[in-house]
Each structure stands twice: as structure tokens, then as C-alpha cells.
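A.B. asks: Give me the fold of what follows.
(2 chains)
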Amino acid sequence: MFRTVRVTRRPGPVIIDHTVSDEYSELLEPLGEDEAVLSIPSTTSSVDYVCQQYVVFSATFQVPAFYFSIHNSSGEPLPLSEILQTSLLRPSTIYEGNATAFSLSTPTSTFPLISQGEHPTFGMPCWYFHPCETASAVWEIVSEVREDDWTDAQVFARWVEVWFMVLGSVVDLHD
Amino acid sequence: MSAYATTRHHSPSAFSASASTTLYRRLTWEGTVPLEIRVDPNELPANSDRGLECYYMQAPRVSYLPLLVPEIRRFLMDVVFDEAASKMLKEEDWWFESESRTLIKWHWPIGLIYDNHIISSSIKPSAQGSTSYLNMQVTPLKLILHLASPPTDKLLLSPSAEACKQAFMGQLKEADFLRWGNTKRMTSLRKAEQDGIWEGVKEHNFDDYWRVAAKVTPTIAPARPNSPPPPPSGSMHTRPPSADPQVAPDRDGAYNVRSVPVRLYLPDGPVLQDLVPPMLEDGSPHTLGHYLSTHIPLLFPPSSSSDSDLAFALIHGVLAPSEAEMAWLGACMPGADGWINVCVGIAQ
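C.D. replies: Numbering: from 1, shown residues only, chains lettered A, B, ... in the order given. Take a look at the predicted model:
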């Protein structure tokens, strides 16, 4: 399952990215400090990117996983530091994490939140949300709403809906 | 074979693995492949010594290209590039292609790159006549090194040792999850141990690597009452069952994992991954032959009892027999990242 959507650079204050020139830099500067905030000049506020999105089945974790790539108008893939500034990701997703050139991780988790990896079917490089905690997060919600008389098919249909809902809390899935 | 193991390796039980297990782990670890690395002639900086732009090396199968780059760079700086040119070069921009212009994935283990090249060659009409893998000489894998403008839409970004470590640790944790249904074994390793396992790969140090890896890799216990013995059972009988230090038998046993971490590579094709239980429903061990005939029955017909004459399966460059048990492979012949990579080529 895949689709192509347009995303934009997030309007409003953006982070001056100290990581662009330094591939090994540990932290994205937190928003709010004076020197780290500026307004986007109006000429750049409508930068359009093309975002390719895939829902694929993770053979390891046996759950769906969300893979994506974002390219600029000349077809170059965006580095992670710029992906983090697009409208694809909800702001709350980003500020909790530590970004390097190749991953966004949170201090407490085993796997990075966003890593780069091969698309499981097509083999090309993508970014993906790590599916290791997916099953437990989704089942926690499904078990709350589940009715006794649901068939397996109903449970799994609901499961997929909840999966998209959980995904939607970190990614803006609107066109 | 066990005599070989015990005489050569003085303390086979150092990592609470049997001598035969340790032997196969060491053979896997010590495997190397020959590489020929040639800088793309169009990209050689001015004033380079053009007679010497080729570098030959014997690289560990369990290593990674970004870990070889410093050695390659040293060679090029010493004898090929002049000083001004070498200052301009950035290793992060380096990338590799095969002779047939296939991009080389830097995050794959080198042995997998080599085997994948062999199976891809197996479907190409060969100029040398009837060369099957069986009678083929081991020849260097010819790689073209490009010094600038990596195709970022086709390769993962930032081929640094640090990015490589993260990809490697990610694979180890996935393998852990497949085996046990969680990553507790990996996450309970201390930071120093997690770093140590990567250092073992980086320095190609068997003892450093397995000191930590033994804590996450399943074991082959000498006595397993409920499952049949693994293939090299002859050497197991030399150790009485009481020598097994485990009290709760086999909680870490290779035949008790949920799934063996296996990926199946086809020539120029997709990578297949599925759950691979160590035992079949009828209680018999899951063999490589069964695995192959289930997933690619046209190449490995289920009916034939012998090895297929249509295709061959390589694991770490070794022609793997169909009766090899998946659980045994997972415990004794995993790559450094914990995975069994089965590369399938077409017999000619």
C-alpha cells in the first residue's frame, strides 16, 4: 500500500539547525531559545516536497510499518534534519528526540524512533518508524474498545484503524 | 573435528558453548573474501599515480565496507593521490559499485555482498563457459570506488562507522526479537557490552565479540531430551550431560527459539523474510531443505530427497546441505549481526 503526497516546510518559527554541518552532532537544539528561533522569510515558506509513503508488513515484528521518503523539487532526498522541519511530522514527535544524520531516537527506547533502512520489498533507502513497540501500543487500545461478540475479522479491522490512529499521533496523514 | 577444536582452541567452554559450536562460530568468523578495489579512473584527482590505483585485500566476511575505508584511504594517500588532492577527499562521499555497475550497499556485511554477487553472476551468461559455483575459482570481487556524489536516492545516507554501528545494532536487536519475542537479552546488556560487541566486529576480534554475543545467541546443549541431536552429534557424545552448567535446561536453547533469524536472497531479486520455527509441527527439526522447498519450490522441488540440481544455497560462501537444521545454523553459523543469510544461485 503506498501513496505520494506533498508536504511543506513547517510554517512559523523553525529551528536553526546546528546539525546540518556536523553529521555527528548529538542534539537538536530545543525550541525557545532566542538564538535558535527565526521566522522563515516569506519566500521560503511554501517550499514543496514530494513525500512517498508506504505501509509495509514487518516480517520481524509481524505488524504494519510506516516507511517514507521525502524529495525536493530536484529529486534529491532530504536529509533527516530537513525532514524534521516538514509538515509530515507532528512537532511533538520531534522535540522529544535526539537527532543524528541517520536517526532520531528517544532516550528511553531500545530502537530509534525514526531510522533509515531498506524498503523491505523494493530495497531502496527509506525512513521508517520503528515497529518494535507497535503491537503493544495498538493492542492496549484495541483491548479497551473490543466487544465480546466481535469476530476475529472485526478485531483485526479495528486493529488496523487503531494502528493508523496511533501513527496519526506522530505523523500528519492528511493530504 | 572435535579434536581439532579442542587442541586448537584451548578453552572451548569459555563462553559456555560446546567445542563443536565454538569451532563453527570461529570458522564463520574467520571467513574472508578477496576484494579488488579500483578508483574510478575518471575520478582520480590530478597528479595521481595511475599505475597503482588498484588495492587488493582479504576482508573478513563479518566486517563492513565503512570499516575498511580507513585502510583503503591510507593506501591511496600513500601511493596514489598527491597531498593536495587527498586533502579535498571526504570519506562520507565515497561509494562502491560492482564491475557490472550494481550499487553496493555499505550496510550489508561484506560476506553477504560477495555471496550476493556470486548468485547474481549465476544467472548471467558467463564468458568462461560452463562455470558452476562448484568448480569456480575464488576470484576477487571487483569493486569500483567513487570518490564523490553518492547516489543518495539509492543508498543509505552517511556511510560512517557510526551509522554502520547503528545499522548493525538494529539488526542484532531484530534478530533478538525474532528469536525470543522481545529484545530483553539485547537491552539487558550494559552499555560497555553493547559497545564491546561492535568493537569486536570493528577489530575483528573473535573473543571480544563472542564474550558478549554468547549472551544473546542461542546455545546447542549437549543433552536435549525432547529434541533430536544437531548434525555434528558425533562430537557431542564426548561430553557427559552432567557437564552442562545449565540448571534450567535449554531456556536459551537453539531449538526453543520462536523463530530463527533468516533472510533469503535471490539473484537480482527481492529479499524474503518469514518466521522460521526451529521445529516443524510434526516434531521434526526444520531443515534448510524444507525451508527452501517451502519458499521457492520451483528451484527446490519438495519431492526430491537429495540436493536440488536447479539451484544452490550459500551460507557464508559455503554450499549448505539440505539436511542442515535451521536451529543449528542459527546457533553455530550466524553472521555477526545475528542473521543467517541464505543466498540462492542458479546451477548452470
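A.B. asks: ok, now which ones touch B:Ser303?
C.D. replies: B:Ser303 makes contact with no residue, according to C-beta atoms under 8 Å, 6 or more residues apart in numbering or on different chains. Placement of C-beta: from N, CA and C, glycine included.
A.B. asks: so what's the nearest residue to A:Gln116 once chain neighbours are set aside up against?
C.D. replies: Of all residues not flanking A:Gln116 in the chain, B:Leu156 sits nearest, at 5.1 Å (C-beta to C-beta, 6 or more residues apart in numbering or on different chains). Each residue near B:Leu156 by C-beta under 8 Å, 6+ apart is listed here: A:Phe102, A:Gln116, A:Gly117, A:Glu118, A:Pro125, B:Lys105, B:Trp106, B:His107, B:Ala163, B:Ala167.
A.B. asks: If we use 6 Å, what do you get?
C.D. replies: A:Gln116, A:Pro125, B:His107 (C-beta atoms under 6 Å, 6 or more residues apart in numbering or on different chains).
A.B. asks: Tell me which of the residues you listed fall in strands.
C.D. replies: A:Gln116, A:Pro125 (DSSP state E).
A.B. asks: Any chance of the contacts of B:Leu156 in JSON lines with neighbour count as columns?
C.D. replies: Listed next are these as JSON lines, based on neighbours: other C-beta atoms under 10 Å in any protein chain shown:
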{"residue": "A:Gln116", "neighbour count": "24"}
{"residue": "A:Pro125", "neighbour count": "20"}
{"residue": "B:His107", "neighbour count": "23"}
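A.B. asks: okay, the contacts of B:Leu156 in a markdown table with pLDDT and distance to B:Tyr55 next?
C.D. replies: Formatted as a markdown table, the contacts of B:Leu156 follow (pLDDT from 0 to 100; distance: C-beta to C-beta, whole Å):
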| residue | pLDDT | distance to B:Tyr55 |
| --- | --- | --- |
| A:Gln116 | 90 | 28 |
| A:Pro125 | 91 | 27 |
| B:His107 | 94 | 22 |
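A.B. asks: Select the helix or strand of chain A having the lowest average pLDDT value.
C.D. replies: strand A:37-38 (a mean of 38; mean pLDDT, DSSP states H and E).
A.B. asks: ok, which residues in chain A are in contact with chain B?
C.D. replies: A:Glu23, A:Ala59, A:Thr60, A:Pro77, A:Ala101, A:Phe102, A:Ser103, A:Thr110, A:Gln116, A:Pro125 (C-beta under 6 Å from any C-beta of the partner chain).
A.B. asks: Which pair of these spans the longest distance?
C.D. replies: For the residues of chain A next to chain B, the farthest-apart pair by C-beta to C-beta is A:Glu23 and A:Ala59; their separation is 30.6 Å.
A.B. asks: and the closest residue to chain A within the stretch 151-300 of chain B, how many neighbours?
C.D. replies: Nearest to chain A in the stretch 151-300 of chain B, going by C-beta to the nearest C-beta, is B:Gln273, at a distance of 3.9 Å. When neighbours are defined as other C-beta atoms under 10 Å in any protein chain shown, B:Gln273 has 20 of them.
A.B. asks: Can you pull the phi/psi pair for the nearest residue to it once chain neighbours are set aside?
C.D. replies: Computed as C-beta to C-beta, 6+ apart, the closest residue to B:Gln273 that is not its neighbour in sequence is A:Ala59, at 3.9 Å. Note on A:Ala59: backbone dihedrals following degrees, to the nearest 10 are phi -70, psi -30.
A.B. asks: cool, the one 3 residues further on as well?
C.D. replies: Here is the backbone geometry of A:Gln62 (degrees, to the nearest 10): phi 60, psi 40.
A.B. asks: can you pull the pLDDT of it?
C.D. replies: In this model, A:Gln62 is scored at 92, pLDDT.
A.B. asks: who in the stretch 1-150 of chain B is up against chain A?
C.D. replies: Counting by C-beta under 6 Å from any C-beta, no residue of the stretch 1-150 of chain B is near chain A.
A.B. asks: Minimum distance to chain A, which residue of the stretch 1-150 of chain B gives it?
C.D. replies: Distances between the stretch 1-150 of chain B and chain A by C-beta to the nearest C-beta are smallest at B:Glu92, namely 6.9 Å.
A.B. asks: Let's see the pLDDT reported for that residue.
C.D. replies: 86.
A.B. asks: just checking, it is part of a helix?
C.D. replies: Yes - under DSSP: H, G, I helix; E, B strand; the rest coil, B:Glu92 sits within a helix.
A.B. asks: Give me the neighbour count for it.
C.D. replies: Neighbours of B:Glu92 using other C-beta under 10 Å come to 16.
A.B. asks: Ok, A:Ser73 next?
C.D. replies: A:Ser73, neighbours per other C-beta under 10 Å, totals 9.
A.B. asks: Need the pLDDT of the spatially closest residue to it that is not a sequence neighbour.
C.D. replies: Spatial nearest neighbour of A:Ser73, excluding adjacent residues (C-beta to C-beta, 6+ apart): A:Asp48 at 6.7 Å. Reading off the confidence values, A:Asp48 has pLDDT 88.
A.B. asks: Please name the bridge partners of A:Asp48.
C.D. replies: Beta bridges link A:Asp48 to A:Thr8 when assigned by DSSP bridges.
A.B. asks: Now that B:Ala148 has come up, it's in contact with B:Asp93, right?
C.D. replies: Yes - taking C-beta atoms under 6 Å as the definition, B:Ala148 is a contact partner of B:Asp93 at 5.0 Å.
A.B. asks: Can you pull the poorly scored residue ranges out of chain A?
C.D. replies: Residue ranges of chain A with pLDDT under 70: A:10-46, A:94-97.
A.B. asks: State the distance from the residue of it found nearest chain B to B:Leu178.
C.D. replies: Of all residues in chain A, A:Ala59 sits closest to chain B, at 3.9 Å by C-beta to the nearest C-beta. Distance check for A:Ala59 against B:Leu178: by C-beta to C-beta, to the nearest Å, it reads 9 Å.
A.B. asks: Neighbour count: these two, which is higher?
C.D. replies: Between A:Ala59 and B:Leu178, counted using other C-beta under 10 Å, the more crowded position is B:Leu178 (25 against 17).
A.B. asks: Which residues lie in contact with A:Pro77 in this structure?
C.D. replies: Counting by C-beta under 6 Å, 6+ apart, A:Pro77 has contacts A:Ser69, A:His71, B:Thr152, B:Asp153.
A.B. asks: cool, B:Ser120 as well?
C.D. replies: Counted by C-beta under 6 Å, 6+ apart, B:Ser120 has contacts B:Pro267, B:Asp268.
A.B. asks: So what does B:Ile37 look like in phi/psi?
C.D. replies: phi -110, psi 120.
A.B. asks: List phi and psi for B:Val344.
C.D. replies: For B:Val344, the backbone dihedrals (degrees, to the nearest 10) come out as phi -110, psi 120.
A.B. asks: what secondary structure does B:Gly269 sit in?
C.D. replies: coil.
A.B. asks: Can you report how many residues lie near it?
C.D. replies: 14.
A.B. asks: any idea how far B:Asn116 is from it?
C.D. replies: Relative to B:Asn116, and taking C-beta to C-beta, B:Gly269 is found at 10 Å.
A.B. asks: Not counting sequence-adjacent ones, nearest residue to B:Tyr265?
C.D. replies: Per C-beta to C-beta, 6+ apart, closest to B:Tyr265 is B:Cys343, 4.6 Å.
A.B. asks: nope, B:Val138 is what I meant
C.D. replies: Per C-beta to C-beta, 6+ apart, closest to B:Val138 is B:Pro34, 6.6 Å.
A.B. asks: would that neighbour count as being in a strand?
C.D. replies: Yes - under three-state DSSP, B:Pro34 falls within a strand.
A.B. asks: For B:Ala175, which residues are in contact?
C.D. replies: B:Pro261, B:Gly338, B:Trp339.
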